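J.: No sequence on hand, only this structure:
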């Protein structure tokens, strides 16, 4: 039997390569003669830089930058790879950098992400990939643009402050001075396909995850709408309805407007970089998964990408997740062969975080003992 293991990271507990290795151990405990190929995955969120370096070679370049809050300084960086550089926005502007009480998308900013892009460009990168999952922000990318000389002015001609709470004040946008903020071609790796505005937009879907209460969500929605209006008027670009524009609190839209970026599916880019399609040839199963498997997993995330690739190769798919809200009927509708949950019922993250690898191995062993033997 040949099994391909293509796991995402388990946020806060396991990196993708470690998760893949844990699953491999469980499969081999149940099926010692199995051939198991490991293809750690990412979708543009946390861990993308590490996965890219492992797939194509490269090195991590440390760069100090502003953190998610203006008064924070973090040791971040980017991946220098053969074809350019990959900036993982979560390294400077990620939600995991903040304790829960400090998560406030009215104040958080992508300024540090802009500093990383500028640093990679200044050091000669010919192409920039920007992985934008795991953000703490809802500023429409204005902070990142400010780091490269863009100005967002209020009615009095004064610069607005940093953070999503300032967006409603934008009256006009000024481009950087000639020669300032120049970037090589930018490709954005999106981990979701949400638009900027509306019920599936950045504020309403992701605002609560970033610390926004209902009143803040509506303020942020108005601010992002105002930003879109001014972008269309001053830059002649419509970012409202572009798939992926709502990723990272609207950084997708900002990258389109201010960096002339292309938006692509992060997981599709990773599938190509890791050679997953080639590994699936002749496979009996592919195992994928993440910390929480839910409906959002089906929109631009690793599980969705692996499902699509496996469908093209006619390989059955099994999901192992820390928790799952996908019903048996929904799994059947998606064409999933099996779902296995690694977290014991009633356990909290605090209870099991130190056992995540052990629990994942046990879940893989159960999966192999049941689904793979049938």
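T.: Great, that's in hand. Computed from a prediction, not measured in an experiment: that's the story for all the values here.

J.: Read off the pLDDT value for residue 51.
T.: Looking at residue 51, its pLDDT reads 88.

J.: give me phi/psi at residue 59?
T.: Main-chain torsions, residue 59, degrees, to the nearest 10: phi -150, psi 160.

J.: Isn't residue 208 up against residue 217?
T.: Yes - here residue 208 reaches residue 217: they are 6.8 Å apart, a contact under CB atoms under 8 Å. Yep, even glycine has a C-beta here, placed from its N, CA and C like the rest.

J.: Double-check that residue 331 belongs to a helix.
T.: Yes - counting by DSSP: H, G, I helix; E, B strand; the rest coil, residue 331 is located in a helix.

J.: quick one, what contacts it?
T.: residue 339 (CB atoms under 8 Å, 6 or more residues apart in numbering).

J.: and residue 208 and residue 217? which has more neighbours close in?
T.: residue 217 (21 against 14; other CB atoms under 10 Å).

J.: tell me what whichever strand or helix holds the more buried one is packed against?
T.: Following DSSP states H and E, one finds residue 217 within helix 214-235. Other elements packing on helix 214-235 under the criterion 3 or more CB pairs under 8 Å, 6 or more residues apart in numbering; DSSP states H and E are strand 172-174, helix 247-259.

J.: hey, which of these is tucked in deepest?
T.: Greatest average neighbour count among the helices and strands packed on helix 214-235 goes to helix 247-259 (a mean of 31), per mean count of other CB atoms under 10 Å.

J.: avg pLDDT for that one?
T.: The model assigns helix 247-259 a mean pLDDT of 97.

J.: Same check on stretch 191-201?
T.: 93.

J.: Show the secondary-structure elements that the helix or strand hosting residue 319 is packed against.
T.: For residue 319, the host element (DSSP H and E) is strand 317-321. With contacts taken as 3+ CB pairs under 8 Å, 6+ apart, strand 317-321 sits against strand 285-289, strand 292-293, helix 302-313, strand 336-341, helix 356-370.

J.: what is the rounded mean pLDDT of the helix or strand hosting residue 29?
T.: Here residue 29 sits within helix 16-30, counting by DSSP H and E. Mean pLDDT, helix 16-30: 96.

J.: now, of the helices and strands packed on strand 317-321, which is deepest in the fold?
T.: The most buried one of those (mean count of other CB under 10 Å) is strand 285-289, showing a mean of 29.

J.: Can you give me the buried ones in the helix or strand hosting residue 75?
T.: When elements are assigned from DSSP H and E, residue 75 belongs to strand 73-81. Residues 74, 76-81 are the ones in strand 73-81 that count as buried (16 or more other CB atoms under 10 Å).

J.: now swap in stretch 177-185 and tell me
T.: Those would be 181, 183, for stretch 177-185 by 16+ other CB under 10 Å.

J.: try stretch 159-174
T.: Within stretch 159-174, the residues scored as buried using 16+ other CB under 10 Å are 160, 162-170, 173.

J.: Could I get the contacting residues of the closest residue to residue 135 other than its chain neighbours?
T.: Closest residue to residue 135 apart from its sequence neighbours, by CB to CB, 6 or more residues apart in numbering: residue 248 at 3.9 Å. Residue 248 makes contact with 89, 93, 110, 132-133, 135, 137, 141 under the criterion CB under 8 Å, 6+ apart.

J.: Output the below-cut-off pLDDT ranges for the protein.
T.: 348-350, 374 (pLDDT under 70).

J.: Check what contacts stretch 352-370 and list those residues.
T.: 3, 10, 12-14, 18-19, 22-27, 29-31, 34, 287, 318, 320, 322, 338, 340-344.

J.: Derive a ChimeraX selection command for the buried subset of these.
T.: Buried residues among those (16+ other CB under 10 Å), as a ChimeraX selection:
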select :3,10,13,14,18,19,22,23,24,25,26,27,30,31,34,287,318,320,322,338,340,341,342,343
